[in-house]
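Asker: curious how this folds, go ahead:
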Amino acid sequence: MKPEQVTQQIQQGSRKAHKDYAFDETHDAERPADFWFQQAHTGLVLFAVFYTQACRWSRCLGCNLPARMSQKHVPFSAIMRQIDCLFQHPEITRRAARIHKVIVSNNGSVLDEATFSSTALMYLLAKLNLHLPALEVLSLETRPEYADFAELEFLSRALTEGDSPTRLELAIGFEAFNDHIRNALFDKGLPLNQFEKLVRRIAPHGYLLKTYFMQKPVPEMTDEQAVLDIQQAIDYLSDIAAKHQVQINLHLNPTYAAKGTQLETAFHQGRFKPPLLKDVARAALHGHGKPLSIYIGLSDEGLAIANGSFLRKGEEPMIQALEQFNQSQDYHLLERLLADESTATEADQPSRHLGLAHLKSEKRI
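Answerer: Model (predicted):
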């Protein structure tokens, strides 16, 4: 597909979703869009976002991640220089011996060769083998339709040539479990049978699976509905993991009101409020004893509108507890967090009954 045809697809998707953000055409095409570290229960994770042409789908209701990419084609030579830049960065060279996992993103589909060059992807694998001796997992974010299994087999084989055995993981954006919410409202374009076909194909190869979910991804969804949707997703993925013997991680992102999307409009109209972290903890707690791991995303990447983030003042202890859960998978941390919240709520009740005006109007921010 020609670059200008890809640009047309991006524009059509953005118009369909009523998005009015601008793409980033000023970013240096020889530098990655971003990178950061995560501490998961399995070890140190490097999350790298490369600057490429934007996601071709580009129509998911609450997503403004394409705004950090380009509408125009970014050639493989520029992406290769981004890769060089990444591995020359002192923050990465200093931690190279401890990096257990790398998640590769372009805020779209890394396996879409129209936006992320196959040449650059092969170059990235060579760099990973050369520079990260402890690497155990390479995770590639993609839509299922771009998973070419001949390519995946080649990538997996190349990963075995590093200093440590490295497994391939596919990271799929699910966003919501409910079919109507996921496809009719959020416009993800992911039917369950397509996802299950992918699972059946990766299972014999021993590839890992990561699924991204958003808690409360659409306007006018209640907090209870949002918790239930994640709980149903956990049950569904647990059944999939047990049936196909596939290792699955559920990455749970609380939703924020993203700039230039319908969620921004809904937020200003009072039809959307980001989820509370206590409800995120309540949803994740459903995974206790289930055959999957859960990671709770705790960053809005600076893409939320003013006051539209799920990160609220005064909740730093709760954030710390959720970060500890990510590092340990200790569900007792979530139980204690919810018990503390319940105790605090009960302690507030007598004051509310006193009819004091300043207490009645108090809000958590």
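Asker: buried ones in stretch 235-246, by neighbour count?
Answerer: Neighbour-count burial for stretch 235-246 flags Y236, L237, S238, I240, A241, V246 (criterion: 16 or more other Cβ atoms under 10 Å). Where you see a C-beta, it was placed from the backbone N, CA and C, and this is true even at glycine.
Asker: next, give phi and psi for D239.
Answerer: phi -60, psi -40 (degrees, to the nearest 10).
Asker: follow-up on the earlier one: so which of the buried residues of stretch 235-246 are in helices?
Answerer: Members of the buried residues of stretch 235-246 lying in helices (criterion: DSSP state H): Y236, L237, S238, I240, A241.
Asker: nearest spatial neighbour of the fourth one, chain-adjacent residues omitted?
Answerer: Read it as I240. Leaving aside its sequence neighbours, I240 sits nearest to V199 (Cβ to Cβ, 6 or more residues apart in numbering; 5.8 Å).
Asker: residue contacts, the one you found?
Answerer: If you count contacts by Cβ atoms under 8 Å, 6 or more residues apart in numbering, V199 has them with L209, I240, H244, V246.
Asker: tell me the secondary structure at it.
Answerer: helix (DSSP: H, G, I helix; E, B strand; the rest coil).
Asker: rewinding a little: make CSV from the ones in helices among the buried residues of stretch 235-246 and add pLDDT and distance to M221 to it.
Answerer: What follows is these, written out as CSV (pLDDT from 0 to 100; distance: Cβ to Cβ, whole Å):
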residue, pLDDT, distance to M221
Y236, 98, 18
L237, 98, 20
S238, 98, 23
I240, 98, 24
A241, 98, 26
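Asker: quick check, nearest of these to F35?
Answerer: Of all those, F35 sits closest to L237, with 27.6 Å by Cβ to Cβ.
Asker: can you give me the strands in this structure?
Answerer: Assigned by DSSP state E, the chain shows strands spanning 34-40, 43-49, 99-105, 137-141, 167-175, 208-215, 248-254, 293-296.
Asker: re the thing from before, most widely separated two among the ones in helices among the buried residues of stretch 235-246?
Answerer: Longest span within those, Cβ to Cβ: Y236 and A241, 9.8 Å.
Asker: what sits against the residue nearest to the spatial centre of the chain?
Answerer: Per Cα atoms, centre = their mean, the C-alpha nearest to the average position across the chain is that of Y212, at 4.9 Å. By Cβ under 8 Å, 6+ apart, Y212 lies in contact with A171, I172, G173, F174, E175, H251, N253.
Asker: for P219, which non-adjacent residue is closest in space?
Answerer: P219 sits nearest to A266 (Cβ to Cβ, 6+ apart), 3.6 Å away.
Asker: run a quick neighbour tally on that neighbour.
Answerer: Counted with other Cβ atoms under 10 Å, residues neighbouring A266 total 19.
Asker: likewise for A339?
Answerer: For A339, using other Cβ under 10 Å, the count is 10.
Asker: repeat that for E264.
Answerer: Neighbours around E264, by other Cβ under 10 Å: 22.
Asker: compare the contacts of Y212 and tell me which is most surrounded.
Answerer: Using other Cβ under 10 Å as the neighbour test, the contacts of Y212 are led by E175, with 27 neighbours.
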